[in-house]
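Engineer: Dropping the sequence and predicted coords here.
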Amino acid sequence: QEFKLETNSPPAEFGRFNGGVVNLTTKAGSNTVAGTLFDFARHEALNAKNAFATGLAKPKYRRQQFGGVVGGPLKRDHTFFFGDYQGQRQTIARTVISTVPTLLQRQGVFTEAIGGRVPAIYDPATGTTARQPFANNTIPIARFDPVAKALLERYPLPTGAGTANNYRRLDDETQDQDQFTLRLDQRLGDGDQAFARLTHFRETFLPVTPLPEGSGVTSGTLGPQKTSTWSFASAWQRAFTGTLFNEVRLGDTRRHVDRSAASLGSSASASLGLPGIPATARFPNTLPTFLIAGYQQLGSPANTATDFGTSVTEVADTLTWVRGRHTVKAGLDWRWERLNVLQPPSPTGAFTFSTLFTDLPGTANTGTPLASFLLGQVQQFSIDLQQDEIRNRAQFQEYFAQDDWRLSDRVTLNAGLRYTLNFPSTEVNDQVGVFNLTTRQMEYAGQNGVPRAARQLHWNNLGPRFGLAVQATDSTVLRAGYGLVWIAVAAVTLTI
């Protein structure tokens, strides 16, 4: 229904911010039943054509937003409802350009120029420092590593000429959203009223990956993602007298994100014949990442496979007292934060290939990463195994008092103090490690006398707030202010 943006010297009743503060008030029902429907549509057929895109069809761009609101009484003068719904369906054509192996390279033939040169390919089986080149710069298919040979089929055939930017993929990026809100208001008496609001949001986003089977580096969201959010807010307001007022608020917000990576039909070891890839950790069917310098990677980017949820519960109370030219407020704000996350960067491994092993050491313009890949010559390998969720827990308590004092009709002074207790966060199963700079040793939470938290509680987090507003003329207001805000930067130092 309305919002207020605090940008200059927010008073002490607001904490835990490093910029502006936005206060929102959602619309409530009344004694009259009323509603609104709306629809917004955008279609490429209604767009102007690019003057330089001669002979090409207009790229697909379809977006539709629709919904409605309705409110009214459940019991006249006492109980009211208000609800809304908004949906979005969006489809946008995206073009992604990548570098994939050419037809000759897929056969082990490296006679085409790469970056303006034809690299000489050497056989790593003939030595480490003095190697023999492959005849005709061709790797016999019989020498192909069986895993690399199978992975090569995941690359599509080029759609253009050349050895760089030779594959173009056009597909639809979709983003669908649904959101609804239901609010109930109750007048409990002459000086009491309460409300409760429930909001649900869900989104399904499907990006266009560079390769049809899901591999490659995308822009923005790393992979197909589903997001679900629930939010509950409530308040009870009581007017004790005409100058003494209290408000108690209770809220809870929960968000869950499920993002998938390029995957296999079974574990990496079973599907690809890769020995030694554990199948007991989370996301065992994820396609490993194969980083071949100069080519679009196989597999998804690091941290794509994700399953995490966050939630915050808040209890707040504010007492307001108006006396003469003073408006005094005091209160508290307690919050409990929870984070449950499964996000191993490379759950089935990341393999890196370079010119090493197919070059002639010390000789320029020799070797190529794709040749090393076909021969199964891995330069670097890393893997991140996560079996259990990381479940961080944090608690905050804040208390404040402030006074807005109208010194005159043209001068207002704001003074307040906010006290913050950022309790050290913990992990439910103590999956926390901290490197001790003094002993140069890793210390693990809850073991050998090490506390469960990575830091100590600071008791001196006082945040003074001062503000001054002077109406110099009927059209000019001068403002000045100062504020100190305490924010927890990170939940834990290191998780393992």
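Structural biologist: Arrived safely. The shown structure was predicted, so the numbers you read here are calculated from the model rather than taken from an experiment.

Engineer: drop to CA atoms for contacts and neighbour counts, all remaining ones
Structural biologist: Fine.

Engineer: Give me the below-cutoff pLDDT ranges for this structure.
Structural biologist: For the chain, applying pLDDT under 70 flags the ranges 1-8, 18-19, 53-55, 489-496.

Engineer: got the contact list for the residue of it positioned farthest from its centre?
Structural biologist: Distance from the C-alpha centroid of the chain peaks at residue 135, with 50.2 Å (C-alpha atoms, centre = their mean). Shown in contact with residue 135 (C-alpha atoms under 8 Å, 6 or more residues apart in numbering): no residues.

Engineer: Got phi/psi on it?
Structural biologist: Here is the backbone geometry of residue 135 (degrees, to the nearest 10): phi -60, psi 130.

Engineer: hang on, residue 271 in a helix?
Structural biologist: Yes. Under DSSP: H, G, I helix; E, B strand; the rest coil, residue 271 falls within a helix.

Engineer: What is the neighbour count of it?
Structural biologist: Close neighbours of residue 271, defined as other C-alpha atoms under 10 Å, add up to 14.

Engineer: That one and residue 279 touch, don't they?
Structural biologist: No. Using C-alpha atoms under 8 Å, residue 271 is not in contact with residue 279, being 11.5 Å away.

Engineer: What's the separation between the residue farthest from the centre of the chain and residue 295?
Structural biologist: 24 Å (C-alpha to C-alpha, to the nearest Å).

Engineer: cool, and residue 286?
Structural biologist: In terms of C-alpha to C-alpha, residue 286 sits 20 Å off from residue 295.

Engineer: Run through the helices of the stretch 201-350 of the chain in chain order.
Structural biologist: Along the stretch 201-350 of the chain, counting by DSSP state H, counting those that start in this stretch, helices occupy 268-272.

Engineer: Where do the strands of it begin and end?
Structural biologist: Ranges of strands in the stretch 201-350 of the chain, per DSSP state E, counting those that start in this stretch, are 225-239, 244-259, 289-292, 306-323, 326-342, 350-353.

Engineer: and the ones you listed, which is most packed in?
Structural biologist: Mean neighbour count (mean count of other C-alpha atoms under 10 Å) peaks for strand 289-292 among these, with a mean of 23.

Engineer: Can you give the contact residues for it?
Structural biologist: By C-alpha under 8 Å, 6+ apart, the residues outside strand 289-292 that reach it are 297-301, 346, 348-354, 369-370, 373.

Engineer: Check stretch 228-235 too.
Structural biologist: Under C-alpha under 8 Å, 6+ apart, the answer for stretch 228-235 is 194-203, 247-257.

Engineer: Next: stretch 174-182.
Structural biologist: The contact list for stretch 174-182 (C-alpha under 8 Å, 6+ apart) reads 81-92, 197-207.

Engineer: Buried ones only from those, please, as a PyMOL command.
Structural biologist: Those of these that count as buried under 16 or more other C-alpha atoms under 10 Å are selected in PyMOL with:
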select buried, resi 81+82+83+84+85+86+87+88+89+90+91+92+197+198+199+200+201+202+203+204+205+206+207
